[in-house]
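[1] Generate coordinates for the sequence data below:
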Amino acid sequence: MADKMAYEGERNHINSGHLYSQKRTCPLVYLNNKQLPQTNEVKYLGIHLDRRLTWRQHITMKRKQLDHKLRSLYWLIGRKSQLSLSNKLPVFTLTLKPIWTYGIQLWGSASNSHLDTLDRFQSKALRLLTNAPWFVPNAIIRNDLRVTTIRQEVKKHYNTYRQRLAVHPNHLAITLLQGLPCNKRLKRHYPEELVTRFNYQYVRPPVSKIDPCRLNLKGNASLEVSPS
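    As a prediction, this is how the structure comes out:
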């Protein structure tokens, strides 16, 4: 039994580390008289936590994972695929979307530049699905396919998360929605702000005058464009 405990302690010492979010260096932490290694990034439950909680590493890794998954599905939902758009869209929703929506209630507080990284991927994937011409704006493609933006998904998931905590049987769960810290740093967003952070209405951009009425795309996809 003692040998087993010693082995478990040795394994935990190798595989574990502690994160410190302050600017100054963290004091040394010991476990079983052995120093725990310090690290600037750590992965826990599929979420990459960085020292400053900017979520840069998490979003970067998710973008790489999404690019790899999209390449593996190119034969099915790519431009040359014979699959109809009505079947391509569920593949996108069921295989690609869950990759970046996991943990969105936390990393949704990232900066706009980090959120734009995932927004660009979604625009790239939707253009691939529809085989849209270069002159069709991304906003029109999202609107006609009824696909929400990254920021809209952040707000929707966080509102659902708040509603679940409000009726949770554990009365301590509601304390997770406590107010913002008094020493709030400038330009730093917190999960509690996601309810009001993206409070704006989507305005459809003006339609290009290149096509008079309708754009027929390949793969049984069509985008409606009203004449100006």
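
[2] Could you list the low-pLDDT ranges of the chain?
    In the predicted model, the chain carries pLDDT under 70 at residues 1-24, 179-188, 200-228.

[3] need the strands for it, in chain order.
    Counting by DSSP state E, the chain has these strands, from start to end: 30-31, 34-35, 41-44, 47-50, 214-217, 221-224.

[4] from memory Phe92 sits against Ile77, does it?
    Yes: with contacts counted by CB atoms under 8 Å, Phe92 reaches Ile77, the gap being 6.5 Å. For the C-beta atoms, the positions are set from N, CA and C on the backbone; glycine is no exception.

[5] Please enumerate the shared neighbours of these two.
    Leu129 (CB atoms under 8 Å, 6 or more residues apart in numbering).

[6] Now do the contacts for Asn159.
    Val195.

[7] same deal with Glu153?
    By CB under 8 Å, 6+ apart, the neighbours of Glu153 are Thr101, Ile104.

[8] Distance check, Ala139 against Thr149.
    Distance of Ala139 to Thr149, computed by CB to CB, to the nearest Å: 9 Å.

[9] So if I had to pick from the two, which one is more boxed in?
    For Ala139 versus Thr149, neighbours defined as other CB atoms under 10 Å are more numerous around Thr149 (18 against 14).

[10] which phi and psi does the more buried one have?
    The phi/psi pair for Thr149 (degrees, to the nearest 10) reads phi -80, psi 170.

[11] all helices for this structure, in order.
    In the chain, the helices defined using DSSP state H lie at 2-15, 56-72, 74-77, 85-91, 97-101, 104-107, 112-130, 138-145, 150-166, 194-197.

[12] Deepest in the core, which of the ones you listed is it.
    By mean neighbour count, with neighbours taken as mean count of other CB atoms under 10 Å, helix 104-107 ranks first of the helices of the chain at a mean of 20.

[13] related to what we said a few turns ago, in TSV, list the helices of the chain along with distance to Tyr30.
    Shown next, in TSV, are those (distance: least, CB to CB, whole Å):
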stretch	distance to Tyr30
helix 2-15	10
helix 56-72	27
helix 74-77	50
helix 85-91	50
helix 97-101	38
helix 104-107	29
helix 112-130	35
helix 138-145	52
helix 150-166	36
helix 194-197	38
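
[14] So the chain: which segments form each domain?
    1-39, 53-224 (automatic domain parsing).

[15] In the protein, which residue is most central in space?
    Trp100 (3.8 Å; CA atoms, centre = their mean).

[16] I figured that one hits Lys64, correct?
    No: here Trp100 lies out of contact with Lys64, judged by CB under 8 Å, at a distance of 11.4 Å.

[17] Can you pull the residues that touch both of the two?
    Counting by CB under 8 Å, 6+ apart, nothing touches both Trp100 and Lys64.

[18] circling back: looking at the helices of the chain, which is closest to Gln38?
    Smallest distance to Gln38 across those (CB to CB): 13.1 Å, for helix 2-15.

[19] Give me the distance between Leu194 and Val136.
    31 Å.

[20] about what we covered before: can you tell me which of the domains of the chain comes nearest to Gly46?
    Using CB to CB, the nearest of these to Gly46 is domain 53-224, at 6.3 Å.
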